[in-house]
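>>> Need a 3D model of the sequence below.
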Amino acid sequence: MKRKTVYSILLITCIVGFWLFENFYTPDTYSDEALGNEIAQNDEYFPSTTRGVIIKHNFYSLSYSEPHEQAEWVYYELKKSHLTNDDRRRPYFIEDPKVPSKSADWRNYKNSGFDRGHLCPAGDRRFSEQAYNETFYTSNISPQKKDFNAGVWNRLEQQVRYWCRRHGDLTVITGGVLTDSLKEIGSEDVDVPEHYYKIIFRGVGQDLKALCFLVPHEESARSLEHFLVPIDKLEQLTGIDFFERLPKTIQSHLERNVNSEGWKF
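Model prediction:
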């Protein structure tokens, strides 16, 4: 009888402990300020922010939208030296310690039917453990349908890596189009974008070359070129000025039309 009682107590303790771990345990921060801020030093190309909260991490930066519980944009540089196949152990998703209002808890995604879709891809940050781990802040994820995340969105991420190998250093700005009345998930009402975008550019000044993709949040077998749009169109949808610090003449030339010349698909 005593043995059964002990087993019952142990079982209850394990169940309670597991529940507490699942619902309250949060590991330490992944950032290490002693390493400095490798990425996002050149804020000349930072987009504007509609929320006024820009967060700089060591290996990417973002503008966090508290009403939507995710980043309205994530900005990062992708260098050839970043493209490695180093094997990294996936860490926990944790709240971003730099977001003043706290980023959404990862548990909002549990049983939601949506993936925790990276904006700055973990695959672009395999070159160091810290860089890889930083992509697991919840400020860097957005609810994505599984087939979309593994399908057309993954194809676009792989295409960006191809361009980096071919052309050299790139800068990427990416996120979901955050509007009113979107579907929401979780207790914190994390919005589910109906479209995702990605801007890729290289060069400087008058020699800047940029592509802008606007992809509906659905799996698609269409070619990636099908999703190219003028940057002006994306700015109208998001209210973000993606090259606000550039001279107006350069902005006009860069943003008005789609020019895929020099980008091999």
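>>> Pull out the buried positions in stretch 60-70.
For stretch 60-70, a neighbour-count test (16 or more other Cβ atoms under 10 Å) marks 60-65, 68-70 as buried. Placement of C-beta: from N, CA and C, glycine included.
>>> Looking at the residues you listed, spot the one nearest residue 82.
Of all these, residue 60 has the smallest distance to residue 82: 11.3 Å, by Cβ to Cβ.
>>> which one is that closest one nearest to, not counting chain neighbours?
Leaving aside its chain neighbours, residue 60 sits nearest to residue 76 (3.7 Å; criterion: Cβ to Cβ, 6 or more residues apart in numbering).
>>> The closest residue to residue 66 other than its chain neighbours: neighbour count?
In this structure, residue 66 finds its nearest non-sequential neighbour in residue 101, 4.6 Å apart by Cβ to Cβ, 6+ apart. By other Cβ atoms under 10 Å, the residues close to residue 101 number 12.
>>> follow-up on the earlier one: how about CSV for the buried residues of stretch 60-70, with secondary structure and pLDDT added?
Shown next, in CSV, are those (DSSP: H, G, I helix; E, B strand; the rest coil; pLDDT from 0 to 100):
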residue, secondary structure, pLDDT
60, coil, 95
61, strand, 95
62, strand, 96
63, strand, 97
64, strand, 97
65, strand, 97
68, helix, 97
69, coil, 97
70, strand, 98
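>>> Which one of these is nearest to residue 110?
Using Cβ to Cβ, residue 69 comes nearest to residue 110 of these, at 14.6 Å.
>>> doesn't residue 101 make contact with that closest one?
No. Applying Cβ atoms under 8 Å, one finds residue 69 not in contact with residue 101, separated by 9.2 Å.
>>> Which residues does whichever strand or helix holds the residue nearest to residue 60 contact?
In this structure, residue 76 is located in strand 70-78 according to DSSP states H and E. Residues from elsewhere that reach strand 70-78 (Cβ atoms under 8 Å, 6 or more residues apart in numbering): 39-40, 45-47, 49-51, 59-65, 103-104, 119-120, 124, 139-142, 160-161, 164, 169-176, 178, 190-191, 238, 240.
>>> Which parts of this structure are strands?
54-56, 61-65, 70-78, 115-118, 141-144, 170-176, 183-185, 190-192, 195-202, 209-216 (DSSP state E).
>>> Turn those strands into TSV, columns for distance to residue 261.
Shown next, in TSV, are the strands of the chain (distance: least, Cβ to Cβ, whole Å):
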stretch	distance to residue 261
strand 54-56	32
strand 61-65	29
strand 70-78	21
strand 115-118	30
strand 141-144	31
strand 170-176	16
strand 183-185	38
strand 190-192	35
strand 195-202	13
strand 209-216	8
